[in-house]
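S.K.: here's a sequence, model it:
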Amino acid sequence: MIWGVLQFPGSCDERDALHACSLSGEARLIWHESRDLDGVDGVVVPGGFSYGDYLRAGAIARFSPAMEAVAGLAAAGGPVLGICNGFQVLCEAGLLPGALLLNENLRFVCRQLNLVTDGETLSIPAKHGEGRYYAPEEMLDRIEANGQVAYRYAPGQNPNGSVRDIAGVRNEAGNVLGLMPHPEHAVDPLTGSTDGLRVFESMVRFAA
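M.R.: Numbers count the residues shown, from 1 in each chain. Predicted coordinates:
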């Protein structure tokens with residue numbers, strides 16, 4: 001598995017994402033102006049503040065040349081993972097349903113919390129000010145019925161007011177995944193959790 005990690009002006013977590021990807025394969029950085037993904041098998045759109053989050057988070061990054069290539073990879077069935085700001089970018093680009101709004105309390109949050117997925121609980125940190133997942137009720141019902149809700153905040157741990165405690169969603173095909181918490185910050189025992197590795201490993205299994 002060869003990962004490509006996008007780097008935008010304002011990215012701040014691309015190096016951690018690069019390290020996390022290297023634990024499940026090869027990994028290389030891809031500059032946002034590149035239309036060539038250099039033969040990678042999957043892409044991570046990392047966290048940070050791409051283009052300073054001007055307009056709104058992810059709204060400018062979705063027009064970068066590299067995102068054209070990412071859309072092509074996604075359409076071909078390649079795995080794409082968006083983390084925090086990357087999740088926002090993927091929603092802005094129409095690769096994932098819904099939108100990320102300002103946190104309900106209008107404050108930046110930074111904390112370790114639990115995510116629930118397929119009966120498992122993962123301990124992963126979150127840090128964002130614009131992470132409240134929103135979609136119209138009809139869309140929410142549809143993605144629930146299609147099994148597109150990938151992660152939920154554990155009961156009582158929703159940090160931002162996301163509807164239905166949704167922390168991450170996937171596209172209908174299942175190859176594009178976005179989540180607000182940061183699995184790349186939970187891949188080393190020194191951080192107190194290695195549960196983030198499971199997120200990357202799940203994408204590798206999908207690619208296989």
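S.K.: excluding its backbone neighbours, what's nearest Asn171?
M.R.: Spatial nearest neighbour of Asn171, chain neighbours left out: Leu96 (5.9 Å); criterion: CB to CB, 6 or more residues apart in numbering. No exception for glycine: its C-beta is placed from N, CA and C like everyone else's.
S.K.: Tyr134: how many residues sit nearby?
M.R.: 15 (other CB atoms under 10 Å).
S.K.: correct me if wrong: it contacts Pro97.
M.R.: No: using CB atoms under 8 Å, Tyr134 makes no contact with Pro97, being 10.4 Å away.
S.K.: what about the strands in this structure?
M.R.: 2-7, 26-31, 42-45, 80-83, 99-101, 109-117, 120-128, 132-134, 149-153, 166-170, 176-179 (DSSP state E).
S.K.: distance to Pro189 added to those strands, as JSON lines?
M.R.: Shown next, in JSON lines, are those (distance: least, CB to CB, whole Å):
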{"stretch": "strand 2-7", "distance to Pro189": "22"}
{"stretch": "strand 26-31", "distance to Pro189": "20"}
{"stretch": "strand 42-45", "distance to Pro189": "22"}
{"stretch": "strand 80-83", "distance to Pro189": "20"}
{"stretch": "strand 99-101", "distance to Pro189": "30"}
{"stretch": "strand 109-117", "distance to Pro189": "14"}
{"stretch": "strand 120-128", "distance to Pro189": "12"}
{"stretch": "strand 132-134", "distance to Pro189": "30"}
{"stretch": "strand 149-153", "distance to Pro189": "22"}
{"stretch": "strand 166-170", "distance to Pro189": "23"}
{"stretch": "strand 176-179", "distance to Pro189": "22"}
